[in-house]
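Trainee: Quick one: sequence plus predicted model below, questions after.
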Amino acid sequence: MADYTGGGQSYPYTRLRRLRASNWSRNLHAEASLSAYDLIWAVILKDGHDVKEPVEHMPGVYRLSPDKAVEAAAMAQGLGIPALALFPYTGTEERSPGGGEALNADNLMCRTASAIKASVPDIGLICDVALDPYTDHGHDGLLEDGIILNDETVDILCQQAVLQAKAGFDIVAPSDMMDGRVGAIRRALETEGLTDTQIMSYAVKYASSFYGPYRGAIGSQNVLQGDKKTYQMNPLNADEGLREVALDLQEGADSVMVKPGLPYLDMVTRVKDTFRVPTFAFQVSGEYAMICAAAENGALDREKTVLESLHCFKRAGADGIITYFALEVAELLAQPA
């Protein structure tokens, strides 16, 4: 009679390389998967017509005029990308201490959202709720004597969110990190009858050095006064992020985000494991720029590295990823295996 007592989780009875020996087996036993449905395409806007302007330090990323953004939305939908996250470039002439352009119902963001929804109605649109693209000091809130005013900023953010929702944005995403803004925005949306508008909270947003290329892309790089450490999170903290998520969910957030992405995968996992709610990650401009730069000088294989990085987000627990690579990756995923 055969002796089966020596098996179990030990070598040589268990050989983990068995599962890795062939491509079909690796695919069969993969614990995470990536599809176009997991991607949110980050798109930078610029006023004008027929504008496709390269963004410095981000090869392959362009500032698009509203008409070009409509074309981009159609391309994204054709590849199965479910949503776009739009961000505006704002010149110094449109910036002010109070960020008044944020409350212009005919601003670049609102006009672009309306145009996309008129042409590609079934694609999801996500917008930041914050003042940094519109203030002449580059901060996400009102600034007085070097201090960011929390409650006064929240009042403006509520008005901004309502305007954006009425323009066609399906998800408003408070990225400002003011205390109490999610609950206030939810009440404002409910009051206006915008009950189906989702809130994706930038709940775990760090005061990171990885945002540099983005700030250049939206025109904030050379206007920012000081830093954002008094309202964005300390990169040394993790438990604080869980407190932020708990508060935002209690206030009415439908989903939450961790930003930046790869340097903070531990937070993606902790948030997902703790709360079991829709959890997103933002592969930010600095991450994009580093991969592109390494690929350009031959240090990395661009396609393989991009796909690996996005698979890592999924493995960590992200339900979706905001990334500038979205269109490129969706095209890769659409190719025959």
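Mentor: Looks like it arrived, so ask away. Numbers count the residues shown, from 1 in each chain.
Trainee: contacts for stretch 235-249?
Mentor: By CB atoms under 8 Å, 6 or more residues apart in numbering, the residues outside stretch 235-249 that reach it are 182, 201, 203-204, 206-208, 233-234, 256, 258, 263, 266-267, 270-271, 274-275, 277. Where C-beta positions appear, they are placed from N, C-alpha and C, glycine not excepted.
Trainee: same question, stretch 158-173
Mentor: When contacts are defined by CB under 8 Å, 6+ apart, stretch 158-173 is touched by residues 83, 85, 102-103, 105, 109-111, 113-114, 116-117, 124-129, 131, 174, 181, 184-185, 187-189, 192, 194, 197-202, 254, 257.
Trainee: what does stretch 107-127 give?
Mentor: 40, 45-47, 66-67, 69-70, 73-74, 76-77, 81-86, 88-90, 101, 104, 163-164, 167-173, 200, 322.
Trainee: please redo it, this time with the cut-off set to 7 Å
Mentor: 40, 45, 47, 66, 69-70, 73-74, 76-77, 82-86, 88, 101, 163-164, 167-173, 200 (CB atoms under 7 Å, 6 or more residues apart in numbering).
Trainee: Likewise for stretch 255-266?
Mentor: 198, 200-206, 208, 210, 238, 245, 248, 267-268, 271, 277-284, 287, 309, 312-313, 316.
Trainee: distance of Tyr231 from Tyr202?
Mentor: 11 Å (CB to CB, to the nearest Å).
Trainee: who's more crowded, these two?
Mentor: More crowded of Tyr231 and Tyr202, by other CB atoms under 10 Å: Tyr202, with 26 against 17.
Trainee: Which residue comes closest to the more buried one once chain neighbours are left out?
Mentor: Nearest-residue entry for Tyr202: Ser175, 4.1 Å, with adjacent residues in sequence omitted and distances by CB to CB, 6 or more residues apart in numbering.
Trainee: do Ala326 as well
Mentor: Closest to Ala326 by CB to CB, 6+ apart is Trp41, at 3.6 Å.
Trainee: Mind giving me the packing neighbours of the host helix or strand of that neighbour?
Mentor: For Trp41, the host element (DSSP states H and E) is strand 39-45. For strand 39-45, the packing partners by 3 or more CB pairs under 7 Å, 6 or more residues apart in numbering; DSSP states H and E come out as strand 62-64, helix 66-78, strand 83-88, helix 108-119, strand 320-323, helix 326-334.
Trainee: what do you get if the cut-off is 6 Å, keeping everything else the same?
Mentor: strand 83-88, strand 320-323, helix 326-334 (3 or more CB pairs under 6 Å, 6 or more residues apart in numbering; DSSP states H and E).
Trainee: Dump those to CSV, plus distance to Gln221 and mean neighbour count.
Mentor: Listed next are the helices and strands packed on strand 39-45 as CSV, based on distance: least, CB to CB, whole Å; neighbours: other CB atoms under 10 Å:
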stretch, distance to Gln221, mean neighbour count
strand 83-88, 14, 24
strand 320-323, 20, 24
helix 326-334, 23, 18
